[in-house]
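Q: 3D model of this:
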Amino acid sequence: MTAALAWDDFRLVKAISDQRGLTQAAERLGINHSTAFRRLGQIETALRTPLFERHRTGYVPTPAAEEMTRIAARMEEDVLAFTRRIEGQGLSPAGELRITTAASLLTGLLTPILAAFCARCPEVRLDVVVSEQALNLAKRDADVALRATNDPPDTLVGRRLATIAWALYGRADRDGGVPLAAERWVSPAARLGAAAAARYVQERTDPARIVLRLDTVQGLADAVESGIGIGPLPCVIGDRRPGLVRLSGPEPDLDAGLWLLTHPDLRRAARVRAFLDFVGSAIARERDLIEGRLPRQRTETISTS
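A: Below you'll find the model as predicted:
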């Protein structure tokens, strides 16, 4: 008879399958390589079957390992679902709350709101994960997400707080007599998730005039303010920089929804509910700025010829 397997054995096999290597799997699980190597050998001995084919390019799972990986994935989801349900029963806002958002939303909008929330709910400990990519809330990569998107996942619940307006910006001291098409431009990289803004630039100037592409909105704003070129920015970023001036009104084709999202199992957790309500109210007070309706001290009259 084969020896009984533990949950950690399934986790190890799944990690090796996912990472296609022992070293990466050990790092992911927080154990050293020799421990992972020894334990894998023990599992294979207990099962009396090899779980991986060792190649120069990595570990390739056998059918037995693939089945263990599927079982581990189901077990992992069951554990996470149970954890979410238990945490959702909390009565008072306390404990750790992990939030994910983009760098531009954190520095341009969210940081002062977080400061006020910490003062209101001192028993809640915030862990902010800054990422331009959407993290997996079902796997507890984060509890709450503040995202700019027009297509939020169906698996999450939340609300659209505002519409993020974009406009074209340049330095306040630029020569207004220079046609926009003749300017140097900076552009967001399509991989940033700002494909519409990248396309906006491409449609308005010769490719040779695009002198810089960046994969962060903060970097894009810094580049425009430094005089590298003109470029599109969210109004919540551009309108707060006194060194910048709008070269266009808000561009409807660049609009993106601002969503506050969580997993359905967590929405009734006291700390999550308190955060959603607080941030929702705070952002509502900033809607004019986010949607590009605040008056500018100076909007340049531009030449488009």
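Q: tell me the secondary structure for residue 53?
A: Here residue 53 is strand, with the state taken from DSSP: H, G, I helix; E, B strand; the rest coil.
Q: same question for residue 9.
A: With three-state DSSP as the criterion, residue 9 reads helix.
Q: burial count for it?
A: Residue 9: 19 surrounding residues under other CB atoms under 10 Å. Where you see a C-beta, it was placed from the backbone N, CA and C, and this is true even at glycine.
Q: can you pull the contacts of it?
A: Listed by CB atoms under 8 Å, 6 or more residues apart in numbering, the contact set of residue 9 reads 39, 43.
Q: residues in contact with residue 231?
A: Residue 231 is in contact with 168, 169, 185, 186, 187, 188, 201, 220, 223, 224, counting by CB under 8 Å, 6+ apart.
Q: what lines up beside the one helix or strand it maps to in the sheet?
A: Element membership for residue 231 (DSSP states H and E) is strand 231-234. Within its sheet, strand 231-234 is paired with strand 166-171 (antiparallel), according to DSSP bridges.
Q: got the contact list for the strand it pairs with?
A: By CB under 8 Å, 6+ apart, the residues outside strand 166-171 that reach it are 180, 183, 197, 221, 224-225, 227, 230-235, 238, 243-251, 254-256, 292, 300.
Q: and the buried ones among those residues, selectable in PyMOL?
A: Entered in PyMOL, the line below selects the buried ones among the contacts of strand 166-171, by 16 or more other CB atoms under 10 Å:
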select buried, resi 180+183+197+221+224+225+230+231+232+233+234+235+238+244+245+246+247+248+250+251+254+255+256+292+300
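Q: now the strands for the stretch 1-150 of the chain?
A: Applying DSSP state E, counting those that start in this stretch to the stretch 1-150 of the chain gives strands spanning 52-55, 58-61, 95-101, 124-130, 144-148.
Q: for residue 215, which of these is the nearest?
A: Each of the strands of the stretch 1-150 of the chain has some distance to residue 215 by CB to CB; the shortest is strand 124-130, at 13.4 Å.
Q: and the closest one with strand 95-101, angle?
A: Orientation check (axes from the mean of the first three to the mean of the last three CA atoms, to 10 degrees): strand 124-130 against strand 95-101 gives 20 degrees.
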